[in-house]
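Colleague: Predicted model and sequence below, questions to follow.
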Amino acid sequence: MSVNSPHHSETLDILRKWNLKIIQGARGYRFSIDSLILASLAHPPHRGRILDLGTGCGIVGLILARSHPGITVTGVEIQAQLAQRARKNVALNDMEERMEILEGSYAHIEDLVAEASFQYVITNPPYRRVGTGRLNPQEEKAIARHEMHGGLDALLRATHYALVPKGKLGIIFTATRTVDLLHVCRIHGVEPKRIRFVHPYPGEEAQSIFLEGVKGGKEGEVRVEPPLFIYSSPGVYTREAAEMLGEEREGREGTGHGSG
């Protein structure tokens, strides 16, 4: 649910399932349902350090921190305004002792975190190559959607650098670049182990792919989980999607999930 923020340039979203309050810009980048799906499908350890690459307003890291009391989260965000907003959200939800926000680029991960210091990396990165698709005139959205500051190669290099041996990556990405994702994961030593395709409706092509990989994992078969369908009919969530998105029951879509 969205309500007005004291500042007209911002909104305040209430995510009751996780008891979270999330400040977002009224314009510019706003988190999408992909963030909530990613947080739901990821299997982080019960204890340890989590690295959220491209944290945005901090939504995924905050959900994981709230859902897993034994973890701490470090969010990395290249956009100064989004990093500042993420820090506000951390403070708003009394998570200062368990979550920190670093401003910088994962293309220069060595300047931000120590090598092999995280048990899990989670990310909802830009998914369009520069030069493909329409570049959004709003800068926050353009940077969030297009690989303007490092693509898959830089992301997986950063992931391998940050993870401990056998640490895991959880990523949601556009399904149209599934081959690129699998290829770059293997090149950088993060072996795909779980994948799940996300479809808007039954019978429609996949829109997104969730992948979980293991640093230094043995090459072999990957577990392809049953597809996730978001809607059963126009504007009506499936039971599983409603649970992931924090809706009380399957039914009409809510209004507080933003637009990615």
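Modeller: Good, I have the coordinates.
Colleague: so where do the strands sit in the protein?
Modeller: Assigned by DSSP state E, the chain shows strands spanning 2-4, 10-15, 20-25, 48-53, 71-77, 99-103, 118-123, 163-174, 190-199, 208-215, 223-224, 228-229, 231-233, 236-237.
Colleague: Thought Asn124 was touching Gly170, still the case?
Modeller: No. Using Cβ atoms under 8 Å, Gly170 makes no contact with Asn124, being 9.5 Å away. Bear in mind the C-beta positions are built from the backbone N, C-alpha and C, glycine included.
Colleague: between these two, who's got more neighbours?
Modeller: Higher neighbour count among Gly170 and Asn124: Asn124, with 27 against 24, using other Cβ atoms under 10 Å.
Colleague: Run a quick check on the more buried one versus Ile33, I expect a contact.
Modeller: No. The pair Asn124 / Ile33 is not scored as a contact, 10.6 Å apart, by Cβ under 8 Å.
Colleague: pLDDT below threshold where in the stretch 51-200 of the chain?
Modeller: Applying pLDDT under 70 to the stretch 51-200 of the chain flags residues 128-150.
Colleague: mind running it again at 50?
Modeller: Low-confidence segments of the stretch 51-200 of the chain (pLDDT under 50): 130, 132, 135-148.
Colleague: For it, which segments count as helices?
Modeller: 59-67, 80-92, 139-145, 152-162, 178-187 (DSSP state H, counting those that start in this stretch).
Colleague: Name the stretch among those helices that sits most buried.
Modeller: helix 59-67 (a mean of 24; mean count of other Cβ atoms under 10 Å).
Colleague: From the chain's centroid, how far away is that one?
Modeller: 10 Å (Cα atoms, centre = their mean, to the nearest Å).
Colleague: contacting residues around the residue most central in space within the chain?
Modeller: Geometric centre of the chain, nearest residue: Asn124, 3.3 Å, by Cα atoms, centre = their mean. If a contact means Cβ atoms under 8 Å, 6 or more residues apart in numbering, then Asn124 has Asp34, Ser35, Leu38, Gly54, Gly56, Val60, Ile171, Ile172 as its contacts.
Colleague: Can you tell me the closest non-neighbouring residue to the first one?
Modeller: For Asp34, ignoring the flanking residues on the chain, the nearest one in space by Cβ to Cβ, 6 or more residues apart in numbering is Ile172 at 5.1 Å.
Colleague: isn't the one you found right up against Ser208?
Modeller: Yes. Judged on Cβ under 8 Å, Ile172 makes contact with Ser208 at a distance of 5.5 Å.
Colleague: any residues in contact with both of these two?
Modeller: Residues touching both Ile172 and Ser208 by Cβ under 8 Å, 6+ apart: Asp34, Ile37, Val198.
Colleague: what's the neighbour count on Phe118?
Modeller: By other Cβ under 10 Å, 25 other residues sit near Phe118.
Colleague: count of neighbours near the residue nearest to Asp34?
Modeller: If you count neighbours by other Cβ under 10 Å, Ile172 ends up with 25.
Colleague: Tell me the bridge partners for it.
Modeller: Phe210 (DSSP bridges).
Colleague: so who does it touch?
Modeller: Ile172 is in contact with Asp34, Ile37, Leu38, Leu41, Asn124, Val198, Ser208, Ile209, Phe210, Leu211, counting by Cβ under 8 Å, 6+ apart.
Colleague: what do you get for His160?
Modeller: His188, Gly189, Val190, Lys215.
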